[in-house]
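Student: Generate a structure from the sequence data that follows.
(one chain, ligands or ions: 1)
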Amino acid sequence: MKLRREDMVVVLSGNFRGQGPSKIVSIDRDSRRAIVEGINNALKHVKRGHPKSPQGGRVTIPVAIDVSNLALHCSNCNRGVRVKSQMIDGAKRRVCCRCQKFL
Ligand SMILES: [Zn+2]
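Tutor: Residues are numbered from 1 along each chain as shown. Predicted coordinates:
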């Protein structure tokens, strides 16, 4: 998987298609799903005593989306791009397939 936490991504498909760039908050390698800032928030109704809402009510919770719907955002191309990895000074770095700049 070519995405990590803190990456800026754009959404390619689904309800949030075209949104971004926004930051990946967390990512699960096993289920290949990521929580992206501001994308796919749901309202959960909670009872009194919930740590995030002591008086009860509705709480906004982020819901993970599949990483296949995301693409890494390249600041140079200003769009979501495909990436390849390349060895640069002995370290594996991701490189934008469009402009060959490392990300
Ligand atoms: Zn690029």
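Student: Around the ion, pick out the residues from the chain.
Tutor: 74, 76-77, 96, 98-99 (CB under 5 Å from the ion). (Glycine included, C-beta is placed from N, CA and C.)
Student: Filter these down to the buried ones and hand me the PyMOL line.
Tutor: Buried members of the residues of the chain next to the ion, defined by 16 or more other CB atoms under 10 Å, are picked up in PyMOL with:
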select buried, resi 74+96
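Student: Mind putting the residues of the chain next to the ion into a markdown table with distance to Asp7 and secondary structure?
Tutor: A markdown table is the format used below for the residues of the chain next to the ion (distance: CB to CB, whole Å; DSSP: H, G, I helix; E, B strand; the rest coil):
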| residue | distance to Asp7 | secondary structure |
| --- | --- | --- |
| Cys74 | 11 | strand |
| Asn76 | 15 | coil |
| Cys77 | 15 | coil |
| Cys96 | 13 | strand |
| Arg98 | 17 | coil |
| Cys99 | 17 | coil |
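Student: Grab the two from the residues of the chain next to the ion that are most spread out in space.
Tutor: Greatest spacing in those, by CB to CB: Asn76 and Arg98 (8.2 Å).
Student: mind listing what Met87 touches?
Tutor: Arg93 (CB atoms under 8 Å, 6 or more residues apart in numbering).
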